[in-house]
Each structure stands twice: as C-alpha cells, then as structure tokens.
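Student: predicted coordinates and the sequence they were generated for:
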Amino acid sequence: MTIFDTELRQLKENILMMASLVEDSIKDSIKSLLDRDSELAREVIIKDHQINALDVKIDEECIRLIALRQPTAGDLRFITTAMKITTELERMGDLAENICERALELNEEPLLKPYENIPKIAKIVQAMLMDVIHALLSKDTSLAYDVIKRDDEVDDLTVRNFNELLFIMIQDPKTVPIAVKRTYIAKYLERVADHATNIAEMVIYMTEGKIIRHMEISESE
Amino acid sequence: MVEEKNIFEIRDFSVYYGDLIAVKNNNLDIEKNKISAIIGPSGCGKSTLLRSLNRMNDLILNCRAEGKLEFHGIDIYGKDIDVIDLRRRVGMVFQKPNPFPSSVYENVAYGPRIRGVKKKSELDEIAERALVRAFLWDEVKDKLNESGLSLSGGQMQRLCIARSLAQEPEVLLFDEPTSALDPISTAKIEDLILELRKTVTIVIVTHNMQQAARISEYTAFMYLGELIEFGTTNRIFVNPRNKLTEEYITGRFG
C-alpha cells in the first residue's frame, strides 16, 4: 500500500467520522423535541462545532492531496466528491442545530397535538442518511438510487404535515406561533433529505463517472 | 469535398523485432490537427508505434510490420512509397536534442537545401520562418552562425523542432521531447507544441502523465504491445473504462 492509499483511507475515515456525528446530531435533535429534553437540545447545539471543524479539516486535506498527489481517475473523483459531500454534511449539521433551536422554544409551550408526521419523516430521513453513507463507502450505486427515490416520500409527508397544521391554524389563530415552528421542523428535515439526495448523486458520479444532477431519475438509471 | 478527419488510420497493425512482438494488433485513428499522446510503461511498444508512423523502424535490423497503417488513406508500408518524402511530411523530434554539428542557420537550412531550394534569400526566409515558429528566433537571430551545439538544452530541442518545421511537415512525432529538460524549458516546448497544433498534427510519446494531461486531446494507453484504451484525454484521466488504465494512471500499476 502506497502513502497515497493510506492518505485516501484516512480521508475516508474522516468522512465517516463526520457523517456519524451528523447522524447523532439529527437523531438527538428529534429526540430532544419528542422527549421535550431541552438539555439534549443544548448539547447538540454545542457539539455542532465538531462537525464544522471536520468540514474544514477534510477540505484542507482534499486540497493538499490535489496539490501534492495530482490524483486522476477514480482517486480524483473520490477526492472532489469528498469536498462536496462534507459541505452537504455540514449543512445537515446546521439543520440539526436549527431543529434544536425550535425544540427549545416548543418545549416551553403546550403540545398542541401529539407529534405524528415529524417522527415519520425523521425515521425516513435518518435511514436515507445512513444508507447514503453506506453507499458511499461500499460504492453501491443501486443503494444510492434507492435513497434518491425515497426523497419523494419525505416531500409528501412534509406537505401533509403543513396542511394539517394549516387547518389547526385557521381554526384557532392563537396556535400560529407553535404550529409555524412545527412546520419549520418538518421543513428542516425535508432539507436534510435533500442533502442526502445530493450525496447520493455524488456517489453515483464517484462510482460511475456519470453526473445525474438535474435529471429525472428514470433517465439517469 | 468532405474534410478529412483522420490523418492516420491504423488497422490490425503489429510490429516485430525478430521473433519478439512489440506492437500487437493495434487499431486507432490519429485525428488531423490534434495532439495525441501515447502513454504506457517502459517496453509497452509506444515508441515503436510512434516510429512506425514515418517508418523510422526500417532502420532497425529484423524489424517488420504487419497490418495496415494508412497516411491520408495510403498504406505507408505498401509498395512505391517514397520513404524520404514520407519522413519529410511526417517529421520526428527525439528525446535528446540532436542538432547537426553545424551553425544554427545550417541546421535549419540543410533540409530545404538538399530538397532543392538554392536561392539564398529563399533559404533565409525559410530558416527565419521555421525559427519563429519554433519560438527560437528572438533568442538566436544574432547568433545564426554560431554552432547549434552551443545552445542550451531547451534551445537545442527547439532548434530540432525548427529543423523539422523547415521541411513543412504535416505531422510531427515527438518521442519524450522534454524528459531531458528542466521545467521551464519543458513549459516552453509544451507551449510550442500547443501552438503548432493549429497547423501540424502531433503525436507525442511521454512518460510524464501530467504532460499528456496538460497538452493532449487524445490519449492512448499501451501495455505489452497492446492498445488497452484510447479516448479523449479528459475521459482517460477522469473516467477510464479499463482497469489497467485506471491502475496505470493512478500510479498503482504492477
């Protein structure tokens, strides 16, 4: 194994570490909301700097590898993809932080109605994130395509959540401050799913050299 | 009339040195006014293939070719081929600069003179034009009568390119033209090659993969005499199809 191979493996491990921090943040942010655990929400917010630090570290490492190793072919596709993936992960981390900020506010308010859609959305989104990281590490493009397809389910549930809350708001305008925050949370999760979809597209590029962004899934497969 | 796209068409082409097969059943086209690079490990047959393009291999004992190698649709290994004329039209520049042991001017004027150009003014004009095209004129215009061997390595290599250009070639073959040069001289030769491409078709053999990536439009990867992969340089370096190409390009070969 060459020094370069070792460096690439290290890069992969760092991405994995960053991804698992993001997975934890998202899981805990939802838990802090559902369990009304504000202490946990504050922890997630504080821990976001670890994700940001890894984002910077991975970017710097990628730039160093491009400058010093002049990667080509599969190595080049992996390194350039890594740089873009960390941006997506970093934004997911920010969204987890946003969820916690809303959770801190909502935990101080009455419940309005039990959380139904948000746990459903969260479950799909968390599975998408886990699978896309798995697809990245195992270069599994069929799993990546599967992640992309699940994005529609999340979109549908987000719309349903919005409509239900809208109905409540129309009936009783006093619920607006709470209901709006709940629509925000669903929207944040929906954005996380979009970032997971972006990563899935990058995994397909990295593995097959095929750019499928801005295409319909049927024409890309 | 349809514009000719490929200047060379190579079909089932093999080259043997005695019993040893150096180029095995190669098939590829060389596009006109483009830069094509041939890469591959030592002994893969890339220089042999390059030298086949102007029959430079004829000079090697026991060397024979099979298959078809067409230049403008004419098989250059066929009968009635004027090899001297072929080598004028398909010039060659080697790894080590090899100027004639004569003046800068003589190096460039020699070819046209033996080709029959007699008038001094005409020879002067050809020599100046060739030196200008080789990005050398400004550096040597005041020492045309000095020995070509007194120039620096990079200048000598450009003198050799000027010597070829004085013959008004259609194709220039480069065999590792910068492997003996420093990075600045290398950059000058690369700029020159990129400029020449407008009027001359270029085929370059190089060990320096970054050089192939920098200047060529097409890249051929050879291994053990076989043409493993041929395609646009961008595709070969970003998304090669063959595993061997990928391994060679990413430095994981063997």
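Tutor: Okay, I see it.
Student: could you use CA atoms for every contact and neighbour count after this?
Tutor: Will do.
Student: ok, now which ones touch whichever residue of the stretch 151-254 of chain B sits closest to chain A?
Tutor: In the stretch 151-254 of chain B, the residue found nearest to chain A is B:Val238; the distance is 4.1 Å by Cα to the nearest Cα. By Cα atoms under 8 Å, 6 or more residues apart in numbering or on different chains, the residues touching B:Val238 are A:Thr72, A:Ala73, A:Gly74, A:Leu76, A:Arg77, A:Gly209.
Student: just send those back as CSV, with neighbour count, pLDDT and distance to B:Ile35 too.
Tutor: Output for the contacts of B:Val238, formatted as CSV (neighbours: other Cα atoms under 10 Å in any protein chain shown; pLDDT from 0 to 100; distance: Cα to Cα, whole Å):
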residue, neighbour count, pLDDT, distance to B:Ile35
A:Thr72, 23, 93, 20
A:Ala73, 22, 94, 20
A:Gly74, 20, 93, 24
A:Leu76, 21, 95, 23
A:Arg77, 20, 95, 25
A:Gly209, 18, 87, 24
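Student: so which of these is the closest to B:Pro169?
Tutor: Closest approach between the contacts of B:Val238 and B:Pro169, by Cα to Cα: A:Thr72, at 34.0 Å.
Student: touching, that closest one and B:Arg235? I think so.
Tutor: No. Contact criterion Cα atoms under 8 Å: A:Thr72 and B:Arg235 do not qualify, at 10.4 Å.
Student: returning to that earlier point: out of the contacts of B:Val238, which touch chain B?
Tutor: When contact is defined as Cα under 8 Å from any Cα of the partner chain, those meet chain B at A:Thr72, A:Ala73, A:Gly74, A:Leu76, A:Arg77, A:Gly209.
Student: in strands, which of the contacts of B:Val238 fall?
Tutor: In strands, judged by DSSP state E, none of those are found.
Student: the helices in the stretch 51-200 of chain B, which residues?
Tutor: Here the stretch 51-200 of chain B has its helices, by DSSP state H, counting those that start in this stretch, at B:83-89, B:104-114, B:120-133, B:137-140, B:153-165, B:183-196.
Student: repeat for chain A
Tutor: A:3-34, A:38-69, A:73-106, A:117-138, A:141-171, A:176-208, A:217-220 (DSSP state H).
Student: lowest average pLDDT across the ones you listed?
Tutor: For those, mean pLDDT drops lowest on helix A:217-220, to a mean of 67.
Student: tell me, how many residues neighbour residue 143?
Tutor: Assuming you mean chain A. Counted with other Cα atoms under 10 Å in any protein chain shown, the neighbours of A:Leu143 add up to 21.
Student: that's the wrong chain, I wanted chain B
Tutor: Neighbour number of B:Lys143 under other Cα under 10 Å is 14.
Student: next one: phi and psi at it?
Tutor: Per-residue torsions, B:Lys143: phi -140, psi 50 (degrees, to the nearest 10).
Student: once you drop chain neighbours, what's closest to it?
Tutor: In space, and not counting its chain neighbours, B:Lys143 is closest to B:Val104: 7.5 Å by Cα to Cα, 6 or more residues apart in numbering or on different chains.
Student: tell me how far the residue of the stretch 151-254 of chain B closest to chain A lies from A:Arg77.
Tutor: 7 Å (Cα to Cα, to the nearest Å).
Student: what ranges does the stretch 1-150 of chain B have for its strands?
Tutor: For the stretch 1-150 of chain B, strands defined by DSSP state E, counting those that start in this stretch occupy the ranges B:6-17, B:20-31, B:35-39, B:63-71, B:74-75, B:90-93.
Student: let's see the fourth one as PDB, backbone CA atoms only.
Tutor: What it means is strand B:63-71. Output of strand B:63-71 as PDB, limited to C-alpha atoms (Å, rounded to 0.1, in the frame of the first residue of the first chain):
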ATOM      1  CA  CYS B  63      12.100  -5.200 -37.700                       C
ATOM      2  CA  ARG B  64       9.000  -5.900 -39.700                       C
ATOM      3  CA  ALA B  65       5.400  -4.600 -39.700                       C
ATOM      4  CA  GLU B  66       2.100  -6.300 -40.400                       C
ATOM      5  CA  GLY B  67      -1.400  -5.000 -40.900                       C
ATOM      6  CA  LYS B  68      -2.300  -1.600 -42.300                       C
ATOM      7  CA  LEU B  69      -1.000   1.900 -41.500                       C
ATOM      8  CA  GLU B  70      -2.600   4.500 -43.700                       C
ATOM      9  CA  PHE B  71      -1.500   8.000 -44.000                       C
END
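Student: partners of that strand in the sheet?
Tutor: Applying DSSP bridges, strand B:63-71 is found paired with strand B:6-17 (antiparallel), strand B:74-75 (antiparallel).
Student: just these: most buried one?
Tutor: strand B:6-17 (a mean of 19; mean count of other Cα atoms under 10 Å in any protein chain shown).
Student: what's the angle from it to strand B:20-31?
Tutor: 180 degrees (axes from the mean of the first three to the mean of the last three Cα atoms, to 10 degrees).
Student: where does chain A come near chain B, residue by residue?
Tutor: A:Pro71, A:Thr72, A:Ala73, A:Gly74, A:Asp75, A:Leu76, A:Arg77, A:Glu208, A:Gly209.
Student: OK, contacts around B:Val90?
Tutor: With Cα under 8 Å, 6+ apart, B:Val90 has these contacts: B:Leu53, B:Asn54, B:Pro169, B:Glu170, B:Val171, B:Leu172, B:Leu173.
Student: without its sequence neighbours, what residue ends up closest to it?
Tutor: Spatial nearest neighbour of B:Val90, excluding adjacent residues (Cα to Cα, 6+ apart): B:Val171 at 4.6 Å.
Student: pLDDT (mean, whole number) over stretch B:83-103?
Tutor: Stretch B:83-103 carries an average pLDDT of 95.
Student: how about the residues of chain B near chain A?
Tutor: B:Ile236, B:Phe237, B:Val238, B:Asn239, B:Pro240, B:Glu246, B:Ile249, B:Thr250.
Student: pick out the residue of the stretch 1-150 of chain B closest to chain A.
Tutor: Closest point on the stretch 1-150 of chain B to chain A, by Cα to the nearest Cα, is B:Ile39, at 14.5 Å.
Student: for the closest residue to that residue other than its chain neighbours, pull up the helix or strand it's in.
Tutor: Using Cα to Cα, 6+ apart and skipping the chain neighbours, the partner closest in space to B:Ile39 is B:Phe221 (5.0 Å). If you go by DSSP states H and E, B:Phe221 is part of strand B:218-223.
Student: ok, back up a step: for chain B, state which of the contacts of B:Val238 is nearest.
Tutor: When the contacts of B:Val238 are compared against chain B (criterion: Cα to the nearest Cα), the nearest one is A:Ala73, at 4.1 Å.
Student: so of the helices of the stretch 51-200 of chain B, which one's packed in deepest?
Tutor: Each of the helices of the stretch 51-200 of chain B was scored by mean neighbour count; the highest is helix B:153-165, a mean of 26, by mean count of other Cα under 10 Å.
Student: what's the angle between that one and helix B:183-196?
Tutor: Using the same axes, to 10 degrees, helix B:153-165 lies at 20 degrees relative to helix B:183-196.
Student: angle of helix B:153-165 against helix B:104-114?
Tutor: 20 degrees.
Student: residue contacts, the most centrally placed residue in chain B?
Tutor: Closest to where the C-alpha atoms of chain B average out (Cα atoms, centre = their mean) is B:Leu173, at 1.1 Å. Contacts for B:Leu173 (Cα under 8 Å, 6+ apart) come out as B:Leu50, B:Val90, B:Gly91, B:Met92, B:Val93, B:Ile202, B:Val203, B:Ile204.
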